[in-house]
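*Asks:* Build me a model from this:
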Amino acid sequence: MATQDEFKENAALRLKEPAQYNVIMHNDDFTTMVFVVSVLEDIFHKDKISAEAIMMNVHKNGRAVVGKYPYDLAITKVTEALKRAKAQGFPFRMTVEEA
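*Replies:* Model (predicted):
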């Protein structure tokens, strides 16, 4: 019969961090910079300075990582951002890639 210490050790070995996924924001010529900053602040909880820096990185490089999250959270945030963009008529694009 396993001792309590062996049980705790076995349980700890089975636990592992969930896989992380990068949320990628892509540049386009139609979505406004103001909209992108608002998405970064409201949905991704970035402060104004960080949001503006990420937005400029996307603008200059064509894409940028917005954050790293477990899969379900990454998909939820992207879905919310895309829904907001569609409601405002922007062709805004975001993707999720395994980190």
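*Asks:* Please make it C-alpha for all contacts and neighbour counts, starting now.
*Replies:* Noted.
*Asks:* Would you map the helices across this protein?
*Replies:* For the chain, the helices defined by DSSP state H cover 4-14, 33-42, 48-61, 71-87.
*Asks:* residues near Glu41, how many?
*Replies:* Glu41 has 17 neighbours, counted by other CA atoms under 10 Å.
*Asks:* my guess is it meets Lys48, correct?
*Replies:* Yes. Contact criterion CA atoms under 8 Å: Glu41 and Lys48 qualify, at 6.6 Å.
*Asks:* Flag the shaky bits of the chain, pLDDT-wise.
*Replies:* Residue ranges of the chain with pLDDT under 70: 1-13.
*Asks:* same thing but 50
*Replies:* Within the chain, no stretch has pLDDT under 50.
*Asks:* Not counting sequence-adjacent ones, nearest residue to the most centrally placed residue in it?
*Replies:* Centroid-nearest residue in the chain, with CA atoms, centre = their mean: Val23, separated by 3.6 Å. In this structure, Val23 finds its nearest non-sequential neighbour in Val96, 4.7 Å apart by CA to CA, 6 or more residues apart in numbering.
*Asks:* Now do the contacts for the one you found.
*Replies:* Val96 is in contact with Tyr21, Asn22, Val23, Ile24, Ala74, Ile75, Val78, counting by CA atoms under 8 Å, 6 or more residues apart in numbering.
*Asks:* Pick out whichever of the residues you listed sits closest to Lys68.
*Replies:* Lowest distance from Lys68 to the contacts of Val96 (CA to CA) belongs to Asn22, with 4.5 Å.
*Asks:* Can you give me the distance of the residue lying closest to that closest one once chain neighbours are set aside to Val39?
*Replies:* Once flanking residues are discounted, Asn22 sits nearest to Lys68: 4.5 Å by CA to CA, 6+ apart. Between Lys68 and Val39 the computed distance is 16 Å (CA to CA, to the nearest Å).
*Asks:* cool, Asn61 as well?
*Replies:* Distance of Asn61 to Val39, computed by CA to CA: 19 Å.
*Asks:* quick one: which of the two has more around it?
*Replies:* Ranked by neighbour count (other CA under 10 Å), Asn61 and Val39 place Val39 first, with 21 against 10.
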